[in-house]
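Visitor: output the structure for:
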Amino acid sequence: MSRKCQLTGKKANNGYAVSHSHRRTKRLQHVNLQNKRVWWPEGKRFVRLRLSTKAIKTLEKKGIGVMAKEAGLDLNKF
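Guide: The predicted structure follows:
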């Protein structure tokens with residue numbers, strides 16, 4: 001499973017680790033992903049998703065049905 005949010009598509013960002021002497025080495029800034037069980041009212045069951053924390057906050061506002069439709073995600077497969 002890739003390190004990617006299933007609803008928003010957020011993934012790692014390329015950046016630099018900068019030392020005190022200002023030497024720069026490449027590093028990845030990973031997304032804060034959480035495994036989350038979300039109640040899906042239309043399907044009358046829980047759905048297990050791998051979501052970023054930003055997506056979890058948005059999910060509480062919009063709802064799982066709307067966000068899955070925007071992402072083009074079929075919740076019957078989860």
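
Visitor: which residues touch the helix ranked longest in the chain?
Guide: If you go by DSSP state H, the chain has its longest helix at helix 53-62. Helix 53-62 is contacted by residues Cys5, Leu7, Thr8, Lys10, Asn32, Gln34, Lys36, Val38, Leu51, Met67 when judged by CB atoms under 8 Å, 6 or more residues apart in numbering. Using the backbone N, CA and C atoms, a C-beta is placed for each residue, glycine as well.

Visitor: in TSV: these, plus pLDDT and distance to Glu60.
Guide: Below are the contacts of helix 53-62 laid out as TSV (pLDDT from 0 to 100; distance: CB to CB, whole Å):
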residue	pLDDT	distance to Glu60
Cys5	97	15
Leu7	96	12
Thr8	96	14
Lys10	97	17
Asn32	97	16
Gln34	97	13
Lys36	96	11
Val38	96	10
Leu51	97	11
Met67	96	10
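
Visitor: give the buried subset of those as a ChimeraX selection command.
Guide: The ChimeraX selection below is limited to those of these classed as buried (16 or more other CB atoms under 10 Å):
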select :5,7,8,10,36,38,51,67
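
Visitor: reformat the contacts of helix 53-62 as CSV; add secondary structure and distance to Tyr16.
Guide: As requested, the contacts of helix 53-62 are exported to CSV (DSSP: H, G, I helix; E, B strand; the rest coil; distance: CB to CB, whole Å):
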residue, secondary structure, distance to Tyr16
Cys5, coil, 23
Leu7, coil, 29
Thr8, coil, 25
Lys10, coil, 20
Asn32, coil, 20
Gln34, strand, 26
Lys36, strand, 31
Val38, strand, 35
Leu51, strand, 28
Met67, helix, 33
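
Visitor: good, we can wrap up now.
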